[in-house]
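S.K.: Pasting the sequence and the predicted model now:
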Amino acid sequence: MRIDRRTFLAGGVVAAAGVASAGASASRNLPFKKAKLNISSQEPIIPGKDLPDRLAKMERWGFDGIEIWGSGLAGRVKEIRDALASSRVRLSAICSGYQGVLMSDDPVEREKAVRTMKDILAPAGELGATGMICVPAFNGHTKLENREGRKVLLDILPDLGAYAAKCGTRLLLEPLNRREAFFLRQLADAASICRDAGNPGVCMMGDFYHMFFEETSDLGAIISAGAYIHHMHVASRKRNLPGQDERDFTNGFRGLKVIGFQDYCSLECTPVGDPEKEIPKAVRFLRDQWAKA
């Protein structure tokens, strides 16, 4: 039987509605905590002369967390700790900053990735980060196909996850859209790797920008990954601030509520217009979307 695109999409909407209803019902019987919206931002997005200046603005604008770049993190521990000590804003996650490629076909590149990730995971745990964000391989960074790459990854992740857990933090696998990575594009894919790694130090995150291109339902994708999700990136369809185009987050936020999400939704985007005016508007927009979810 031939099904046209409109009929197919309509069926998908009905199915998603069923998942939402079932998920909301099931969540009442699951041991999840009540979800919270903790809004964070990557450090460079916030205007300011230094970290204390940025944190002061973030407090006024209603942020809960800040995401720090991983490169050079070990040398910034005192600076970050001192700045956070006088702020209600907490450290959310550490974004990348390592060298090498975790899923490379070259063992030297894989070893470099593991070594430099450990250099970041230790101070990340010391500072209380929920985890360090990792992309196994971008397009062009490995000659391994999916099956080989997955095996290589699962040979590495248990020990690396154990080290992350020992440091008091996590490794966070990030799915990307196909224009940036051929491997690990959907949240369910990342969740299956976390499951097979079998270590609480191996978890994942979601990114609403990438999800727009790869997922049929934000709600379904988030429920499929469940408790493995420990961070989210937030950006509009055009990778601008939330609220600066038609991208809606209520469906995804509904999924976060179902799974009892406790971590951070962090801005990873480019503001259009005056950031001093537009960023506070984005925070209000996200809180309004959460209330509607």
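M.R.: Yep, that arrived.

S.K.: Residue 230 looks like it's in a helix, true?
M.R.: No - with the criterion set as DSSP: H, G, I helix; E, B strand; the rest coil, the secondary structure at residue 230 is strand rather than a helix.

S.K.: Okay, it and residue 146: tell me how far apart.
M.R.: From residue 230 across to residue 146, the span is 24 Å (C-beta to C-beta, to the nearest Å). Bear in mind the C-beta positions are built from the backbone N, C-alpha and C, glycine included.

S.K.: If you count surrounding residues, which of the two has more?
M.R.: Summary of the neighbour comparison: residue 230 and residue 146, criterion other C-beta atoms under 10 Å, with residue 230 having more neighbours (22 against 12).

S.K.: For that one, list the residues it contacts.
M.R.: With contacts defined as C-beta atoms under 8 Å, 6 or more residues apart in numbering, the neighbours of residue 230 are 130-131, 170, 172, 203-205, 263.

S.K.: Can you tell me how far it is from residue 49?
M.R.: 31 Å.

S.K.: same check, this time on residue 222
M.R.: For residue 222, the distance to residue 49 under the criterion C-beta to C-beta works out to 37 Å.

S.K.: Residue 212 now?
M.R.: Distance check for residue 212 against residue 49: by C-beta to C-beta, it reads 34 Å.

S.K.: now residue 99
M.R.: Separation of residue 99 from residue 49 (C-beta to C-beta): 29 Å.

S.K.: Just want to know which of the two has more residues nearby.
M.R.: Counted by other C-beta under 10 Å, residue 99 and residue 49 do not tie: residue 99 has more neighbours, with 12 against 7.

S.K.: How about the contacts made by that one?
M.R.: By C-beta under 8 Å, 6+ apart, the residues touching residue 99 are 112-113, 116.

S.K.: Just say helix, strand or coil for it.
M.R.: Judged by three-state DSSP, the three-state class of residue 99 is coil.

S.K.: all helices for the stretch 51-200 of the chain, in order.
M.R.: If DSSP state H, counting those that start in this stretch is used as the criterion, the helices of the stretch 51-200 of the chain fall at 51-61, 77-85, 107-127, 146-166, 187-197.

S.K.: Strands of the chain, residue ranges please.
M.R.: Using DSSP state E, the strands of the chain run over residues 38-42, 65-69, 90-95, 132-134, 171-173, 202-207, 229-234, 264-267.

S.K.: Using JSON lines, lay out those together with distance to residue 186.
M.R.: Formatted as JSON lines, those follow (distance: least, C-beta to C-beta, whole Å):
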{"stretch": "strand 38-42", "distance to residue 186": "23"}
{"stretch": "strand 65-69", "distance to residue 186": "22"}
{"stretch": "strand 90-95", "distance to residue 186": "20"}
{"stretch": "strand 132-134", "distance to residue 186": "16"}
{"stretch": "strand 171-173", "distance to residue 186": "12"}
{"stretch": "strand 202-207", "distance to residue 186": "10"}
{"stretch": "strand 229-234", "distance to residue 186": "13"}
{"stretch": "strand 264-267", "distance to residue 186": "19"}
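
S.K.: Out of the ones you listed, which gets nearest to residue 184?
M.R.: When the strands of the chain are ranked by distance to residue 184, counting by C-beta to C-beta, first place goes to strand 171-173 at 6.5 Å.

S.K.: could you say what helices and strands that closest one packs with?
M.R.: Using 3 or more C-beta pairs under 8 Å, 6 or more residues apart in numbering; DSSP states H and E as the contact definition, the elements that strand 171-173 packs against are strand 132-134, helix 146-166, helix 187-197, strand 202-207.
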